[in-house]
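**Q** I'll drop the sequence and a predicted model, then ask my questions.
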Amino acid sequence: MDKIEQSIIQSLELIKREQNEDPNENQLIEQEDDPDKLIKDLSELSQSKNVEFDFIKNKSFLDDIYFKNSRLFKIGSKDHSDFWSFLSRYQNLLKKKSSIAPKNTKQPDLNEFSAQLKLPLKYDKRWRLNFVYKPNKSEQTGTYDSSGNKIKFECDEQKLREFEFIIHLYLDFLQKEKYKKLKQLRQAQANLPIYKYQEVILKTVKENQVTIIAGDTGCGKFYNLFSTKSTQIPRYLLEAGFERIACTQPRRIACMSLAKRVSYETLNEFKSEVAYQVRFDKTRTKHTKILFLTEGVLLRQIQSDAQLAQYDIIVVDEVHERHVFTDFLLGILKCLIKQRQTLKVILMSATINIDLFSNYFDQCVIVKIPGRTYKIDVEYMPANKEKCDPKSKSSNKIDPAPYIRIMQQIDKKYPESERGDMLIFLSGMTDIQTILDAAKEYATECKRWIVLPLHSSLSIEDQDKVFDIPPEGVRKCILSTNIAETSVTIDGLRFIVDSGKVKEISYDPKYKMQRLQEFWISRASAEQRKGRAGRTGPGVCFRLYSQADYNSFNEFTTPEIRRVPLNSLLLQMISMGLRDVRKFPFVEPPDLQSIEHSLNYLKEQNALNEMEQLTPMGQMLAELPVDIQIGKMLIMASIFHVVEPIVTMAAALSVQSPFTSNLRCDYESMQKRKELISDHGDPLTLLNGYNEWIQVKAANDNSYKWCKRRCLEEQRFYEISKLKKQFFELLQENYLLRRKNDESDVSDSDSDESGRPRASSSYSEKVRKDLKRVMAKKERKRLLDLKKEISSKPKRPKVLNMEEIELDTTNLDESEKNCQDIRDIEFKLMHDLNELQNKSLSCKKFTLREVNLLKIILSCGLYPQIAIADEMNSYKRESDQKFNSKHKSFVVIHPTSVFSYDPDILQPCDEDGIVKDKLKFSTRHQLIAYVSLFETNKAYFMNCMRVPALQTLFLYARSLDTNGDCTRVLCDEWLEIRFLDSETGQKILSAVLYLRSSIEKLFKIRLEDRLNYGSKLEDGEEPEIKQDSVKFKERAKKLEKILKKKLSEFLDSSYMYSIRRVLPAEVNKMFMKNYQTESKSIDEAKIQPEFKKHLDSKENNQNEIKGGFKITSYLTYNCIIPDETLSIISEYSGIMKRHWKCTNCSKEFLFDLMERMQHQVECQETDQIDTSDIGDKISKSLDQNLYFCSICNKNLKLTAIEILKHKRSHLSSN
Amino acid sequence: MNLQKFTYDKSVNKIKMETKNLFKCSKCNLNTKYTYFGRRPLDRYLLSKPTEELTREQINYLNSKKRELVILIEDSFVCDDPFSQMKSSNYLILGSLCSQCQKMVCSNSSDCSLFYYKKRFCIDCAKKNLNEFPAEVQIEISKK
């Protein structure tokens, strides 16, 4: 209080000083603030006597005089138009008043004043004004009407005084209105249950380093969206003087809406004191005091600010939800609070398992905030087991009888007039469908129910229906998955039916498989479900299980960290510099096995080396906050400069597919869909679909209808667009992609070739830009208007129509159409549609070669998620096609996949095949690469793509093991490829050695390039183009070009080979090591002495487990036992020394096969970037054929032309 | 409540806890921060700065007679209008001091205070001096 008074005194003094000091040039001249003078001003105003006078008629004059130079009422502004409408309302009011005859009471005299306070005794409205408004008047000029006649100005001085009085009234009115709004807000805040705890909370926070604030969920949620904790506690902290507050949220959308809400509540709506920061978006400025951010963003900030010195207090919200990143963040904070004693941490949780957190933070203080809940009666209604058992054995279907019985019971017991809806929690979609059918039957019979499903795969419009209101006398019955447990909050519920079951996704690290399984729920979530009823009044909860069942439930739901793959988390942990991820102090640590599997996966993906340190690839992946798979695709795409199509596919694979299951489509839409389908697989089909959609949008056709006709979910396309944009930004942020303005520097080689018309002259460019800006402005205005229109209509839920529910709403009603429009305009504003269209056009017609390159880039991310078709497949539509991955057999392709309705695409072509030793030799063996393995009632491959078997395996396998003559290659120890002759195998392996090392080389160059570019940009330097960096880039460009060419040649190449799945039991027997030890004595004779000598000489490089020799990290030569069926000669071919010319260094050697390969590896390593003309050489090598020259008696490896030359050389010498 | 293990040295932690410039109504307890105390809400940005910091143009502007003005008859606590984007021209008068007891009161709520001819009266002081007011105001006061 002292301080406040002090500051008041200071302010007073300031004003006094202003008034007292001499009017100096640089001083404020004394202002006319004398109350007496002001009162005189006021008294000059006059109240209207003649109410009939029409100011509106003279509006343009009055505007001219009063508002031309006005700040408060700028002509054209909302305040200005509001004033005029106020004026007409005021005049109407006066008219009404004047019609009531004024009472003629005795009025005191004008000059009579009260005894002590000297107040005038004659009441005048003017004396109630505490201010004087002095307009900045300007001279009134003549105004003309449409026919050019001067309009007569009708206001005299008296009228102007009246007008000024109305302005005064309006200003006063405005102040009162604003104040009312403020007061209402403050009152609402004070009425919250948490308000009483404000002091306690602040005191605890001030006195302790860690505080837990626990409040019941479902109690006093604010506007149904956020818990009061989330909005009020940041406000309390801010008002208590804390600055630099970080509030984390698990969800991005919550950050944004909370920032908006809290800034409103703290009266900062139009300032940046309260802001948010999420992955791709932030409103944070240097004035920001409260920052809402996702846990992911905060974790990323730790990477550059290890102590989180930028914050004084960190609030972690929704800790009870136990998301992976929440748990991780808590672990970090636990370490951090010991290092930074001044850092404060607040955990906000529902009252679930709070002791766990309290114990974790050394018994820290808990502040409990009881909520406002109504009483809920619980009825246990266990299903009659004896009756159920025989039935349930025959089918897995859920029995709808108990649910219908509850509906009947409610109808009997509660009168129609009592409102209250019902929510049924079921485990999954199939159960929902079963109950839906039965309940609808009952509903049509009794006409007292409307039955609605609710689950995440419903369209947005259908989901929104659950918020609508049923007509009088009818109840809503919502059948929901556990989505309604926390994520969706529905009001007006009175009855809860809890099946006690939940389907949860668990992760099996061994198969890298996600599994959707049905479980009993935990007691915590049973309580949560129950609590959904008591939000607006007392309720009833029917539990379809017994009290004993309830007691046997787990206390809490398994935290996410024990249910999901840990790949990204571990990668991030390692990139943050945690030395041993296994020892990290998690709240509840994940399975050690799961950690090991993930570490292994990261090694497989080349993100970690054997020492579990980050590789350059890992470093890059850690910087991209996306899945490892997606991250790898993006990186590869940027290296090969095919960003556009890959980003589209990566985005499409990250959201739910717009292609709804074909089971739910009619024949016609399936036919229409056909043109979008790519027989290469789902990723390319998604690409086609998206590009088509962009074309429809660009042509300004109704894209919504276009989607409907093809049974596509348009919302998903919008999501893809958004995600795509984000991916692009991500790539630019990480310098994997140049920003547009310096694109010319490293222009897409693709775009150059396609010959897209670049803006030729800067002038036309400018005109186009201006035009675009004008258009954008227009659109933005339309968007604003539309949004206003929607929000101006009170967002009253629609009343449900009993009949309409059945029909698919083909004709949209007004508001839905508006929503469509908003999405459409927002989309157009966010994206440059022309650019998108051009890009999509360039993606449209890919050559097979380009498709192959795309597939190889995608496979880079997907590998080792590949599968081989089962030999017994029929490739008929009626029967399931089985596929086997390395660890999981007999998996089918998900019904949303293109391969599931066109299985014959995957049928191997036998036309050019040869069958030898029961093995099919063909040039066109295929595998499928899949994005995920998902098990519900069956195991499914999701989002599949067919890939050429040999090429994919040889490029990405972690291990390639060959036999002595390279006719057998075992890939990743589960797929064996055999060639018909030794020459083919050798040729391919040599090509693979080159390709794999070149890809790595290119990757390294790009990485260095990126780092240079990045550091320069960060230093604020223009990335200048230095002489040597140009050379560097030139080389990289060349290498890329060559590599691209080589790669596509390799992909096009057609060799005869067979492919076979090798079962684990057999694999061990195939290795030389075992073979040697087991059969050494017996087969001593078989191993030639020469060969043995060879073995001894290269002792160092021996592979200890498999036998054979390690040529590179992935290639092991001669570790597969020789094939008995092959002739002795071919066995020797491997060790036979031959003349060979290295294509790289152009030297000739007399080498055996292994020496040759070794030389190749070494040669490429020494020759770092000097690739200037390798390309030409290598391109030859693939065309080269073995040629035995009878004249010089030598085996030579030559191209056709070289053979001719060689022959000619003999001729000429002769 | 559990005992706190982590009571840290308070001298280490110097978080600013002052709540300066807080307006709090003595009647309804409404509290919020004000940014200006004085009579010229429209010029509050310039006037809340020390005169030395003002530029010549700004002083000239403040001295010019020909400009739009809102002059309060009482010194008031003013903040930016929190519900509007146009910050400078949209102000909100929170309250002022009662002319009799010098307590802070809301200006815009008839529950807390009233203004009549040059002076602000908190509702208590108005009641005390009921007879001084004209009949119309007396009726108003006695309704509270």
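**A** Alright, I've got the coordinates.
**Q** which ones are touching the closest residue to chain B within the stretch 101-250 of chain A?
**A** Per C-beta to the nearest C-beta, A:Y179 is where the stretch 101-250 of chain A lies closest to chain B, at 3.5 Å. For glycine as for every other residue, the C-beta is placed from the backbone atoms N, C-alpha and C. By C-beta atoms under 8 Å, 6 or more residues apart in numbering or on different chains, A:Y179 lies in contact with B:L92, B:I93, B:L94, B:C106, B:S107, B:N108, B:S109.
**Q** Mark out where each domain of chain A begins and ends.
**A** Per automatic domain parsing, the structural domains of chain A span A:1-30, A:32-99+A:109-178, A:194-369, A:376-387+A:397-558, A:624-744+A:779-862, A:864-903+A:921-948.
**Q** Mean pLDDT lowest where, among the ones you listed?
**A** Note on the domains of chain A: lowest mean pLDDT is at domain A:1-30, with a mean of 53.
**Q** residues making contact with stretch A:684-701?
**A** Residues contacting stretch A:684-701 (C-beta under 8 Å, 6+ apart): A:645, A:648-649, A:652-653, A:657-659, A:675-678, A:703, A:706-707, A:712, A:714, A:717, A:720, A:824, A:827-828, A:833-834, A:836-837, A:840-841, A:843-844, A:851, A:854-855, A:898, A:945.
**Q** wait, I meant stretch A:504-520
**A** Stretch A:504-520 has contacts (C-beta under 8 Å, 6+ apart) with A:427-428, A:500-503, A:545, A:549, A:552-554, A:558, A:563-565, A:591, A:593-594, A:597-598, A:601, A:865, A:885, A:887-888, A:932-936, A:939.
**Q** and it, how far apart are its ends?
**A** 10 Å (C-alpha to C-alpha, to the nearest Å).
**Q** Could you pull out the buried residues of that stretch?
**A** Buried positions in stretch A:504-520, judged by neighbour count with 16 or more other C-beta atoms under 10 Å in any protein chain shown: A:E504, A:Y507, A:D508, A:P509, A:Y511, A:K512, A:M513, A:Q514, A:R515, A:F519, A:W520.
**Q** and the two most separated of those?
**A** Checked with C-beta to C-beta, the buried residues of stretch A:504-520 reach their widest spread between A:K512 and A:W520, with 26.5 Å between them.
**Q** any low-confidence regions in chain B?
**A** B:1-19, B:87-88 (pLDDT under 70).
**Q** Spell out the residue ranges of the helices in it.
**A** B:44-47, B:56-63, B:123-128, B:135-143 (DSSP state H).
**Q** now the strands for chain B?
**A** B:22-24, B:31-33, B:36-38, B:69-72, B:76-80, B:91-97, B:104-106, B:113-116, B:119-122 (DSSP state E).
**Q** Parallel or antiparallel, list what pairs with the third one.
**A** If I follow you right, that is strand B:36-38. strand B:76-80 (antiparallel) (DSSP bridges).
**Q** so what's A:I1059 closest to, chain neighbours aside?
**A** Of all residues not flanking A:I1059 in the chain, A:H925 sits nearest, at 4.7 Å (C-beta to C-beta, 6 or more residues apart in numbering or on different chains).
**Q** measure that neighbour to chain B for me?
**A** 64 Å (C-beta to the nearest C-beta, to the nearest Å).
**Q** again, but for A:I1111
**A** As for A:I1111, its distance to chain B is 58 Å (criterion: C-beta to the nearest C-beta).
**Q** That residue: neighbouring residues, count only.
**A** When neighbours are counted by other C-beta atoms under 10 Å in any protein chain shown, A:I1111 registers 22.
**Q** Surely it is in contact with A:M1157?
**A** Yes. In terms of C-beta atoms under 8 Å, A:I1111 counts as a neighbour of A:M1157; the distance is 4.9 Å.
**Q** Helix or strand next in line after the longest helix along chain A, which one?
**A** Scanning chain A for the longest helix, with DSSP H as the assignment, gives helix A:982-1018. Downstream of helix A:982-1018, the first helix or strand assigned by DSSP states H and E is helix A:1027-1052.
**Q** Next, the angle from that following helix to helix A:982-1018.
**A** Using axes from the mean of the first three to the mean of the last three C-alpha atoms, to 10 degrees, the inter-axis angle of helix A:1027-1052 relative to helix A:982-1018 is 140 degrees.
**Q** one step back: ok, the residue nearest to A:I1059 - contacts?
**A** For A:H925, the contact set (C-beta under 8 Å, 6+ apart) comprises A:P908, A:P948, A:A949, A:L950, A:Y1057, A:S1058, A:I1059.
**Q** In helices only, show me those residues.
**A** In helices, judged by DSSP H, the following of the contacts of A:H925 are found: A:A949, A:L950.
**Q** So the most centrally placed residue in chain A versus A:A443, what's the distance?
**A** Chain A has A:L723 as the residue nearest its centroid, 6.3 Å off, counting by C-alpha atoms, centre = their mean. Distance, A:L723 to A:A443, by C-beta to C-beta, to the nearest Å: 39 Å.
**Q** Repeat that for B:S109.
**A** 52 Å.
**Q** what's the answer for A:K1069, then?
**A** With C-beta to C-beta as the criterion, A:K1069 and A:A443 are 65 Å apart.
**Q** In terms of helices and strands, where is A:I856?
**A** Per DSSP H and E: helix A:848-862 holds A:I856.
**Q** Report the buried residues of that helix.
**A** A:850-862.
**Q** Kindly report the same for stretch A:612-631.
**A** Quick answer for stretch A:612-631 (16+ other C-beta under 10 Å): A:612, A:614, A:616-631.
**Q** How many neighbouring residues does the closest residue to chain B within the stretch 401-550 of chain A have?
**A** Nearest residue of the stretch 401-550 of chain A to chain B: A:A524, at 21.8 Å (C-beta to the nearest C-beta). Residues near A:A524, counting by other C-beta under 10 Å, number 18.
**Q** Which one of the buried residues of helix A:848-862 is nearest to A:R579?
**A** Using C-beta to C-beta, those come closest to A:R579 at A:G861, 28.2 Å.
**Q** For the closest one, list the residues it contacts.
**A** Counting by C-beta under 8 Å, 6+ apart, the residues that A:G861 touches are A:I628, A:Q629, A:I630, A:G631, A:K632, A:M633, A:M636, A:A650.
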